[in-house]
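[1] Structural data only, the sequence is not supplied:
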């Protein structure tokens, strides 16, 4: 299950929705007998268009511990600021940098949570959680038609009523206002702006049969990603950030679908800035060495896009030293 951009959700069962609430929500939770973990997301409205929101903070709760991932990958444990990597709950919780993401492993539960410190969250759970999940990610029962289950167990008629039911606490909403009560329409986009953001060097890049994403088309339909991209760029009056977030999301979806490494960033198209003593790589270890942990001989997640420490340097928090 994932959410990205302003936010566009894809449930465990593959249903897309665009819930825009401005509060803290149950994103994905084990609602079975064990109720072993919960992932919560704090949405923040866009300044220029308050009817549209973005996932700005992620909280993972398990074993009586809360891991917070804030903007720019700042980390908290039970509300206290700390730095990566982290091992908690007797090693059952591992938190480390993995490519562009902070990766929270709930090892005994086989649950993985990823957040890029800006807008994109992804939660992976094994099949034994089928029929026992709840929240904005749905119930994980291979039926996308019944994903809008509210917190009280009834079915919502639309994604807004569904999403509002999963608010964790009204105090997390700006001014105590729960936000939209009806589905937010596609952001207004006049003909000239729509044409500009749909062009082959903008959102149209996703569907270009001769472009860098063409290798993905046989694995992941680009039409949904294109629609999300146009939505976000219109909501941001053509701001390039709306483009880059959606290109990143589609590239990530392609890797999840098994597409091999491919380059889509350029010096002029969404370059990834890397800290001192590191460089961008399309294929760096998902389990890099740090000051306190050596890189494992084999990393279960293979390679990922991200910043790779130069030879002779290792990660210390978010820096290479």
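    That came through, no problem. Because the structure is a prediction, the values reported are computed rather than measured. Residues are numbered from 1 along each chain as shown.

[2] Just to be sure, residue 242 is in a helix?
    Yes: counting by DSSP: H, G, I helix; E, B strand; the rest coil, residue 242 is part of a helix.

[3] which non-adjacent residue is nearest the spatially most central residue of the chain?
    Among the residues of the chain, the one closest to the centroid is residue 121, at 1.8 Å (C-alpha atoms, centre = their mean). Spatially, and ignoring its direct neighbours in sequence, residue 121 is nearest to residue 115 (4.8 Å; C-beta to C-beta, 6 or more residues apart in numbering). For the C-beta atoms, the positions are set from N, CA and C on the backbone; glycine is no exception.

[4] Ok, residue 321 next?
    residue 313 (6.2 Å).

[5] Provide a list of residues in contact with the one you found.
    277, 278, 320, 321 (C-beta atoms under 8 Å, 6 or more residues apart in numbering).

[6] I'd like the residues you listed laid out as TSV, including neighbour count, distance to residue 178 and pLDDT.
    Converted to TSV, the contacts of residue 313 look like this (neighbours: other C-beta atoms under 10 Å; distance: C-beta to C-beta, whole Å; pLDDT from 0 to 100):
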residue	neighbour count	distance to residue 178	pLDDT
277	15	45	98
278	19	42	98
320	21	43	96
321	12	45	96
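
[7] and which of those is nearest residue 244?
    residue 278 (19.6 Å; C-beta to C-beta).

[8] Contacts only, for residue 34.
    By C-beta under 8 Å, 6+ apart, residue 34 has no neighbours at all.

[9] before we move on, what about residue 15?
    Here residue 15 is in contact with 138, 144, 145, 147 (criterion: C-beta under 8 Å, 6+ apart).

[10] pretty sure residue 212 contacts residue 261?
    No: when contacts are counted by C-beta atoms under 8 Å, residue 212 is not listed as touching residue 261 (11.9 Å).

[11] More neighbours: these two, which one.
    Neighbours were counted for residue 212 and for residue 261 using other C-beta atoms under 10 Å; residue 212 has more, 17 against 13.

[12] for that one, helix, strand, or coil?
    coil.

[13] How about it: what's its closest non-neighbour residue?
    Per C-beta to C-beta, 6+ apart, closest to residue 212 is residue 264, 4.1 Å.
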